[in-house]
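**Student:** what would the 3D arrangement of this be:
(4 chains)
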2 protein chains.
Amino acid sequence: MKEPSKTAVTAWTRLVGAHAAAMDIVETGLKKAGFPPLAWYDVLLELDRAGEDGLRPYEIERRLLLPQYGLSRLLDRIEAKGYLARRPCEADGRGQVVAITRSGRDLRRRMWPVYAAGIEAAISRKLTEADMATLGALLAKLSPAETQES
Amino acid sequence: MKEPSKTAVTAWTRLVGAHAAAMDIVETGLKKAGFPPLAWYDVLLELDRAGEDGLRPYEIERRLLLPQYGLSRLLDRIEAKGYLARRPCEADGRGQVVAITRSGRDLRRRMWPVYAAGIEAAISRKLTEADMATLGALLAKLSPAETQES
DNA sequence: TATTTATGAATGCAGTTGCATTAAACGGAG
DNA sequence: CTCCGTTTAATGCAACTGCATTCATAAATA
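**Tutor:** From the prediction side, this is the model:
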């Protein structure tokens, strides 16, 4: 159980701080514009990419690293607003297939400029392109796999 | 409303991913060891540093960037377990003073090795010292101020 | 001093999350 | 084919969060 170096603790601390600050900028932007939280965007993006065929909940679950029960209820809420539709899965009686609706696609499209502005404000305005590239490369080493997109 | 560069989006995405991964390692470690969440540690650390005199809730609030109502209830919970004590503030009738108790100090001390192991696993084992230094410097540019410690 | 405005902290309520469990259907071993 | 272990998804319940409001006191202004 070795003590982490001071450098490590600083990096950890700042990772937490930077994430909180950036997240706050992005989420606040969405909220102020009257949009749902980022998680909705993530789900809608996956579904939009999947197209007509939709996705099984467990696929979304893995891509976005959401807990099973969390996704189940997130889908409930998004579905309740009509942005996605669930239908039973032909090939697997236990499961279902989730697909984005027209208004879901539309919502995602309208959210993006606001989301993008948040990224600009939280990241681009504070770092040079070179810094962002370096940062991205270093952060990549901290997470096991590529799971998210935008 | 300029589009963020691909580099910026990647950096953002990985920031979210790296934070989630690291946080999960640390929080899971604490939980498995039977300890309360990280937030308790943060509060106890501030109080431990403040010593006998304690701190006013609004001071903790600002240092840890917690919402007022969030801290109020967090203090409730920690107090209920006997790790801190609230007493009325002499100088300001509206306020109170929060101080750590002996068992609170003890809890914080026992949590640290587990927390430290989490930082090791989430950060130190995945980056060189030089990388951690670079990362820390870049992340510092993303958050307005220094607010957290360990 | 009386009145207004600002600050420190708690809380009711609705919405969300986490945990553990359940239900249904799949798939393989005997 | 039947039984058993596994996978997919939902849900009851308790804990936690966010928002808006409230209460009490302090500070500022007239």
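
**Student:** select the longest helix from chain A.
**Tutor:** Here the longest helix in chain A is taken by residue count, with DSSP state H as the criterion, and it is helix A:6-32.

**Student:** which other helices and strands contact that helix?
**Tutor:** Packed against helix A:6-32 by the contact rule (3 or more C-beta pairs under 8 Å, 6 or more residues apart in numbering or on different chains; DSSP states H and E) you find helix A:38-50, helix A:102-119, helix B:6-32, helix B:102-119, helix B:129-140. C-beta here means a position set from N, CA and C on the backbone, and glycine is covered the same way.

**Student:** closest one to DNA strand D among those?
**Tutor:** Taking C-beta to the nearest atom of the strand, helix B:6-32 is the member of the helices and strands packed on helix A:6-32 nearest to DNA strand D, at 11.3 Å.

**Student:** tell me the buried residues in the closest one?
**Tutor:** Judged by neighbour count using 16 or more other C-beta atoms under 10 Å in any protein chain shown, the buried positions of helix B:6-32 are B:7-23, B:25-27, B:29-30.

**Student:** got the helices and strands packed on helix A:6-32 as JSON lines, with distance to DNA strand C and mean pLDDT columns?
**Tutor:** Compiled in JSON lines, the helices and strands packed on helix A:6-32 are given as follows (distance: least, C-beta to the nearest atom of the strand, whole Å; pLDDT from 0 to 100):
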{"stretch": "helix A:38-50", "distance to DNA strand C": "7", "mean pLDDT": "98"}
{"stretch": "helix A:102-119", "distance to DNA strand C": "15", "mean pLDDT": "97"}
{"stretch": "helix B:6-32", "distance to DNA strand C": "6", "mean pLDDT": "96"}
{"stretch": "helix B:102-119", "distance to DNA strand C": "15", "mean pLDDT": "97"}
{"stretch": "helix B:129-140", "distance to DNA strand C": "23", "mean pLDDT": "98"}
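
**Student:** distance to residue A:91 for those - can I get that in a markdown table?
**Tutor:** Listed next are the helices and strands packed on helix A:6-32 as a markdown table, based on distance: least, C-beta to C-beta, whole Å:
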| stretch | distance to residue A:91 |
| --- | --- |
| helix A:38-50 | 15 |
| helix A:102-119 | 23 |
| helix B:6-32 | 31 |
| helix B:102-119 | 41 |
| helix B:129-140 | 44 |
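
**Student:** could you give the angle of the longest helix of chain A to helix B:129-140?
**Tutor:** Put simply, helix A:6-32 runs at 30 degrees to helix B:129-140, going by axes from the mean of the first three to the mean of the last three C-alpha atoms, to 10 degrees.

**Student:** what's the offset of helix A:6-32 from the middle of its chain?
**Tutor:** With C-alpha atoms, centre = their mean, to the nearest Å as the basis, helix A:6-32 stands 15 Å off its chain's centre.

**Student:** looks to me like residue A:86 is in a helix.
**Tutor:** No. Assigned with DSSP: H, G, I helix; E, B strand; the rest coil, residue A:86 falls outside any helix and is strand.

**Student:** let me see the contact set for the nearest residue to residue A:119 once chain neighbours are set aside.
**Tutor:** Once flanking residues are discounted, residue A:119 sits nearest to residue B:4: 4.4 Å by C-beta to C-beta, 6 or more residues apart in numbering or on different chains. By C-beta atoms under 8 Å, 6 or more residues apart in numbering or on different chains, the residues touching residue B:4 are A:116, A:119-120, A:123-124, B:12.

**Student:** repeat that for residue A:21.
**Tutor:** By C-beta under 8 Å, 6+ apart, the residues touching residue A:21 are A:122, B:142-144.

**Student:** got it, and residue A:133?
**Tutor:** With the criterion set at C-beta under 8 Å, 6+ apart, residue A:133 makes contact with B:7, B:11.

**Student:** report the separation between it and residue A:139.
**Tutor:** Summarising the geometry, the distance separating residue A:133 from residue A:139, computed by C-beta to C-beta, to the nearest Å, is 11 Å.

**Student:** so what's the residue most central in space within chain A closest to, chain neighbours aside?
**Tutor:** The C-alpha lying nearest the average C-alpha coordinate of chain A belongs to residue A:42 (C-alpha atoms, centre = their mean; 3.8 Å). Counting by C-beta to C-beta, 6+ apart, residue A:64 is the residue found nearest to residue A:42 once chain neighbours are left out, at 5.4 Å.

**Student:** these two touch, right, residue A:95 and residue A:89?
**Tutor:** Yes. Distance between residue A:95 and residue A:89: 4.1 Å, which falls inside the contact criterion (C-beta atoms under 8 Å).

**Student:** and residue A:98, helix, strand or coil?
**Tutor:** Counting by three-state DSSP, the three-state call for residue A:98 is strand.
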